[in-house]
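>>> all I have is the shape, not the residue letters:
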């Protein structure tokens, strides 16, 4: 902008861009119209004038200033040697103008003031330069500047000296030649007079300069001297540079005249002809006048080749204007014959327009092709955004002028491209997924060890931190393929993003925002293309709804339909149309994947029908576990929810089509329901297999349990968290719009999850009991874990050393006790935490379920404890029955001690449960005796009391009730005499019982109740 302002100031020779009055010194100049007329007359004179033989020298002299870079022209157009800008001669800056501008001196607006600061100007003022340019300079900087200036002068002097030395001989020869010519002219062919007294002048440049100046003044003196010496011949006369000899050409003037006359006679008719000369002059004048139009065709071709579209539009506009002017001229002439100049104008315009229009039609056809195929160009192949490219092409077509609307054509081609891409991406991806799914279905199922390792991985890693360890590599690959398919359709970087961008572009054209930057073309002929018709607007809104529905239909079919039977798309894909995307651009990796290069004669076999739950779902990999399923399904439902919300936010869908909104809601609901159904089936199966993770190793955190409770808690927690994400689609980025697309889950789904949660707890607990009851098998059995195999082949006493002690996994009692500890951990910690997580995640109360789960845990605990104590109970039964049925059980006299079977039973007794069992056995065996006399009654009472007092620490209400029932039964089977005598014997029996307790104190010390201070001490230390 500054350069433009400076050019304006220089052209008009003024000092400011906003002058109040026209400068008085400019009044004497002619106006522009006069100068133009003079220039035209001069041009005519130049055309008619014979070119000078010294034209090259004149041109070199006139363009001498052009060799100086940065020279400028004055207002009159005369070039000078003053630079527009130059570096500081003192070396402080590389631009004097910029430095003074920074200092606040406005020299860029005042040419005269600027010349006073430029060293190349004759009006350069050193004082003004130093006072302004170096106003703040100190002595040291001025001295440094002086050194720079001195070195610059020395360099220029040295270069000038070298120039003189290298061309000295040329200077001498030129001087000699000039002196000889001067002597001939001065003395007119005579010998120069010699004057002895005259002092020879030294050779110098001044002599040669003064000689020319003095030649005119010396003429009168030469007239007094004799013209020629007497001895001078005629040849000297002819060659003398005097007027009488025509200045040396009189000798050849006569022959030249004869030759000229002869040439005129011979070549005159061939070269003459004034009429022909005038015609040629007219043609030359017309060609010169319309030169820029004659060159238009080549200029347009060059602009197309260089892709200089700005110059192309300018040249084409100039050509159209010239053609229109010529057409108007022809119309104005009517039947009047045109002049010769007008005829040439018409011919030139016709020829020019034919060539230009032929080129432009080919160029427009190429631009149309590029505009319609612009969608197939990938982003990596383009230098700028695609939006800018299509707007540039549309702008170019509008500038050049076209019949069809380029905006409408581009939008339609974009719609066709997106339509083809949605079909191609959706169909091919679903077929590729089905091929991988069939391969998995026909492959072998993973072994129990592999399944156990995947279930056990949750206790080491979270679900999201290491998804590759959640399942087999083939299953994970298929999950990733499905996520990639949904992302390619529904993500902002996928097809849905392009559809949203398409609608934004359409909306901007409908509102007229995009057209503000578009040109109107030649004479506003393209303005009609800036507006879209009402029908066109409706068609574009319907097209957008159709694209959204196509995406929705592909996703809905993927989730709601059964696996596809037809995979012929991989065998014979349809050739894409010109507006369709190439398959290689959509899936470059799959195009090279040999697994998808199938033989039509040998297609992959369909999935076998085994009655598996996943066989009717196209989105579930065969043999996938619930852990990987809940991880990837939560991601997939998040993509679906976000995509559905994005599609619902599109204006044509939200404003014009309520049916499409309902379809989008159905898409989310059906996808969620089908995902939950499939996932619950897998969860149920994994709950049955959770028993496989039991490795009979002590937990590092809790030494009294195995790793089973922690693994089960991680498994159930991961499933509950993932199902919560699926039900509520929490990973979806919901958008505010007309109605919520992501609705709350149905009560039916919540009830299904609720029931499945309780069922999985039952199955997992049953599997734990089964692990405890079932003996450890050999390595080929499904119950054997990796650790069992690695420790040894001993089956009966296979030991695993872990934690503080050694676990005998082959011992049934050890497994029972560890399982009981695991159940206690589940009842006290794991299950309450899981119930709390469930209630928080799904906003429900598990009141009834919690009670049921607690009862089930109690039942399983009792069942397992019964199983554990059954051998001991059988032993007690045998001991008690054998001791009671002994003939010597009833003493002849008063009993003095408890019978030996009681001691034996107590030694085999364990905990209060067995006290209840022994009390029950005593009751049963005492019932078998029909009648009790005094001795038998005293013996039975002594046995029962000894057991009760010895195990008083483990007495329960049930045991007390059983003892009371024994006494009541004994009382019913005795007579009053024995009953009365027993009352008299009770003090003695108490003494006897006390003596027996003291005697067995050491033997049954394990049943003694610890003191309070001992209990506290043991608690503090242990």
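On my side now, so go ahead. Note that the coordinates shown come from a computational prediction; the quantities given were computed from them, not determined experimentally.
>>> buried ones in the one helix or strand residue 480 maps to?
In the assignment (DSSP states H and E), residue 480 maps to helix 473-490. Buried residues in helix 473-490, counted by 16 or more other Cβ atoms under 10 Å: 474-476, 478-479, 481-490. All C-beta spots, glycine's among them, are computed from the backbone N, C-alpha and C.
>>> ok, now stretch 435-445?
For stretch 435-445, a neighbour-count test (16+ other Cβ under 10 Å) marks 435-441 as buried.
>>> for the spatially most central residue of the chain, which three-state class applies?
The chain has residue 493 as the residue nearest its centroid, 7.3 Å off, counting by Cα atoms, centre = their mean. Assigned by DSSP: H, G, I helix; E, B strand; the rest coil, the conformation of residue 493 is coil.
>>> not counting sequence-adjacent ones, nearest residue to it?
residue 487 (7.5 Å; Cβ to Cβ, 6 or more residues apart in numbering).
>>> against residue 828, how distant is that neighbour?
Remark: distance between residue 487 and residue 828 (Cβ to Cβ, to the nearest Å) = 44 Å.
>>> sorry, back to before: how far out from the middle of the chain is the helix holding residue 480?
18 Å (Cα atoms, centre = their mean, to the nearest Å).
>>> now do the helix or strand just after it, average pLDDT.
Using DSSP H and E, the helix or strand that follows helix 473-490 in sequence is helix 495-511. The predicted model assigns helix 495-511 a mean pLDDT of 92.
>>> how far off helix 473-490 does helix 495-511 point, in degrees?
Angle, helix 495-511 to helix 473-490, by axes from the mean of the first three to the mean of the last three Cα atoms, to 10 degrees: 0 degrees.
>>> from the contact counts, what lies against whatever helix or strand comes next after helix 495-511?
Heading C-terminal from helix 495-511, the first helix or strand you meet, by DSSP H and E, is helix 534-560. Packing partners of helix 534-560 (3 or more Cβ pairs under 8 Å, 6 or more residues apart in numbering; DSSP states H and E): helix 406-442, helix 473-490, helix 495-511, helix 626-648, helix 651-656, helix 658-689.
>>> helix 534-560 to helix 495-511, inter-axis angle?
Orientation check (the same axes, to 10 degrees): helix 534-560 against helix 495-511 gives 170 degrees.
>>> give me the mean pLDDT for helix 534-560.
Here helix 534-560 scores 93 as its mean pLDDT.
>>> try stretch 166-182
On average, stretch 166-182 scores 83.
>>> how far is that stretch from where the chain is centred?
78 Å.
>>> before we move on, what about stretch 977-984?
Its chain's average C-alpha position is 100 Å from that of stretch 977-984, according to Cα atoms, centre = their mean.
>>> quick one: contacts of it?
For stretch 977-984, the external contacting residues (Cβ atoms under 8 Å, 6 or more residues apart in numbering) are 932-934, 937-938, 941, 971, 974.
>>> swap in stretch 699-717?
By Cβ under 8 Å, 6+ apart, the surrounding residues in contact with stretch 699-717 are 455-456, 458-459, 627, 686, 690, 693-698, 757, 760-761, 764, 768, 803-805, 818, 821-822, 825-826, 829-830, 833-834, 837.
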